[in-house]
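[1] The following comprises the amino acid sequence and a computationally predicted model.
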Amino acid sequence: MKVNKIPEIFLLVIIIITSCRELYFPDDIRSLEQTPVIRGIICEGSSPTVSITYAMGYYENTEIPVSNATVVITDNLGNQVELLEESAGSYKPASDDYIGVIGGVYTLHVTTHDGIEYESDPVTINERPVIDSIYARLGELEAILYNQDGEPYTDKIHDGFYLFTDLSAETNSTVYYRFNTSVIRLFSYLIQPPMAQQASSIYIWEGPDVIDDFYSVAFITANNGRQILPGHEIGYLHWIDKPPRYAITSSTAPWVLILKVYAISAGVYDYYYSIHQQLNADNQMFAPVPSQIKTNIHCKNDPAGTVSGVFEASSMAVSYKAFLFINKNMLRSKTLTTFPDFLESGSQSVDPPDFWVGF
């Protein structure tokens, strides 16, 4: 990892710090105006959900839900469904009969209790993504650290492997994707407490833990009717051994990667990408401000009215793969046809659970 030293930046920071005499708080920080944050999604084969809150102020640390709103989703076939408030600020249909379909075009309509109307741009559920492969490359993870004099340097912090995926699509249009990558960590040990006559097996699982940026997105453009997104990095894993008490062996179990790829619209891509830029602006002297985050929702009463959030219509593909880290020079993998997506951490003795993966 390359580290650029920029003495001029440090000098400028020193000048700014030593020349300031009082703190400046923009009027926006103390503004009493509440900005609604509307987040809705409808996926292929699933009913829609919408959450509405007010954006947190500078001095606030909890979201304020927006209750008693009228929430309706319409589509290009003339259908519509009303979403009812299930809990404070959370809305869903009374039944699961209304679901997203590929090719459907959906629009979100929200009217708050004080009569303010909001509407999303129409969004289409595009064709399901095609995940061609998931693979890993062994490598060291480096980080920028600082010595006692405050000078940056790079150093290895982990041995592990980088994860990648290849996607493809048969279309002449630009395709936009959102990624969600999580891992279930499996551990298996032989344990033998002091009074036990013989050792016994214990199986432990932890997760799922998201290992990529939640706002990880990408797009590909057409090339003679076929599009390929090769080598898209989806995360890094380093081996962690967590032996329980009385363990007499190291873990020999793999970890399971769950990759979900969503096909999204251009406007939804712009929203996630603008947040990604905001969250990864640490090394910029002039970072983006929150008002630069895109949205595909607008206020009908006042076109200049402030609103944040996104309404997403998407299709999704999922793929599962197990990786067994032998050492920093050896790695094994196995493609899985299925695996529990919402597995809570737990353990089991003697025999492995049904979902256990062996090599």
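    It's in. Residues are numbered from 1 along each chain as shown.

[2] Would you map out the domains in this protein?
    35-125, 130-265+316-349 (automatic domain parsing).

[3] Just give me the lowest mean pLDDT stretch among the ones you listed.
    Set side by side, the domains of the chain give their lowest mean pLDDT on domain 130-265+316-349, at a mean of 86.

[4] end-to-end on that one?
    One end of domain 130-265+316-349 to the other measures 38 Å (C-alpha to C-alpha, to the nearest Å).

[5] How about stretch 139-159?
    6 Å.

[6] Looking at the domains of the chain, which is nearest to Ile275?
    Ranking these by proximity to Ile275 (C-beta to C-beta) places domain 130-265+316-349 first, at 4.7 Å. (C-beta placed from N, C-alpha, C; glycine too.)

[7] just to revisit the earlier point, got a markdown table for the domains of the chain, with distance to Ile275 and mean neighbour count too?
    As requested, these are exported to a markdown table (distance: least, C-beta to C-beta, whole Å; neighbours: other C-beta atoms under 10 Å):
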| stretch | distance to Ile275 | mean neighbour count |
| --- | --- | --- |
| domain 35-125 | 12 | 17 |
| domain 130-265+316-349 | 5 | 16 |
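
[8] got these as a markdown table, with distance to Gln278 columns?
    Shown next, in a markdown table, are these (distance: least, C-beta to C-beta, whole Å):
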| stretch | distance to Gln278 |
| --- | --- |
| domain 35-125 | 14 |
| domain 130-265+316-349 | 9 |
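
[9] among those, which is nearest Ile297?
    Across these, closest to Ile297 is domain 35-125 (C-beta to C-beta), at 4.8 Å.

[10] okay but Asp166 is in contact with Gln227, surely?
    No. Counting by C-beta atoms under 8 Å, Asp166 stays clear of Gln227, with 11.3 Å between them.

[11] re earlier: Gly309: which of the domains of the chain is closest?
    domain 35-125 (3.9 Å).

[12] Please state the offset of that closest one from the chain centre?
    Here the centre of domain 35-125 is set off from its chain's centre by 20 Å, with C-alpha atoms, centre = their mean, to the nearest Å.

[13] got the end-to-end distance for that domain?
    With C-alpha to C-alpha, one end of domain 35-125 sits 28 Å from the other.

[14] same thing with stretch 89-108?
    Termini of stretch 89-108 sit 15 Å apart (C-alpha to C-alpha).

[15] Phi, psi for the residue of the chain most remote from its centre please.
    Distance from the C-alpha centroid of the chain peaks at Gln197, with 47.2 Å (C-alpha atoms, centre = their mean). Taking degrees, to the nearest 10, you get phi -80, psi -30 for the backbone angles of Gln197.

[16] Then Ser201?
    Torsion angles at Ser201 (phi, psi; degrees, to the nearest 10) stand at phi -90, psi 150.

[17] which residues touch it?
    Shown in contact with Ser201 (C-beta atoms under 8 Å, 6 or more residues apart in numbering): 188-191, 349-352.

[18] Kindly report the same for Val105.
    Counting by C-beta under 8 Å, 6+ apart, Val105 has contacts 75-76, 122-124, 313.

[19] Nearest spatial neighbour of it, chain-adjacent residues omitted?
    Asn76 (3.9 Å; C-beta to C-beta, 6 or more residues apart in numbering).

[20] go on, Val217?
    Tyr272 (4.6 Å).

[21] next one: Phe311
    Going by C-beta to C-beta, 6+ apart, Phe311 has Ser120 as its nearest residue, at 3.7 Å.

[22] pLDDT value on Tyr272, please?
    92.

[23] Counting neighbours, what do you get for it?
    For Tyr272, the count of nearby residues is 24 (other C-beta atoms under 10 Å).
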